[in-house]
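J.: The following comprises the amino acid sequence and a computationally predicted model.
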Amino acid sequence: MAEVAPHYGAQTKARKAALDILFMAEQRDADLSETFAEQRTLTGNPTRELTRSIILGVVEHGHDIDTRIMHATTDAWPIERMPAVDRNLARIAVFEMDYTDTPPQAVIAEAVRLAGDLSTDESPAFLNGLLSKALAEKPTTN
């Protein structure tokens, strides 16, 4: 029996589009802003506001986001060892938890869902734990 592609709502599609761009930039070792501009030109489609917000937010706050992720991981599984999809889903989620008004539990649930659809079998539980720890350790001011 053929596997059915998951149905995503508008917000999930926006996050998935941001994930695709983050992943592509990382795989090509290219500048994220340039990859985003290139993809917008190539597709010719309007970019969802949430996608744009995530990409620009990760560009602006990338160092702080990665630092937060590093503090939420263990020495045995540093950010560099994470699968690229998981690493970039974590970046999206930490950006949204720290710099937007989106409820953190919704952000975590969305990252876990996308990890379940797009990454390894262990990824949903791993991201849930990492993001829950990042949320618990979230600075009170930003």
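T.: Sure thing, it's come through.
J.: any weak-confidence spans in this structure?
T.: Where the chain drops to pLDDT under 70, the residues are 1-6, 141-142.
J.: any idea how far residue 75 is from residue 102?
T.: 30 Å (Cβ to Cβ, to the nearest Å). All C-beta spots, glycine's among them, are computed from the backbone N, C-alpha and C.
J.: Same drill for those two, tell me which one is more crowded.
T.: Each of residue 102 and residue 75 has its neighbours counted (other Cβ atoms under 10 Å); residue 102 has more, 15 against 5.
J.: can you point me to the longest helix in this structure?
T.: helix 49-72 (DSSP state H).
J.: Other residues contacting it?
T.: Under the criterion Cβ atoms under 8 Å, 6 or more residues apart in numbering, residues 11, 14-15, 17-18, 21-22, 32-33, 36, 78-79, 87, 90-92, 94-96, 98-100, 130-131, 133-134, 137-138 lie in contact with helix 49-72.
J.: Selection in ChimeraX covering whichever of those are buried, please.
T.: With 16 or more other Cβ atoms under 10 Å as the criterion, this ChimeraX line picks the buried residues out of these:
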select :14,15,17,18,21,22,32,36,79,87,90,91,92,94,95,96,98,99,130,131,133,134
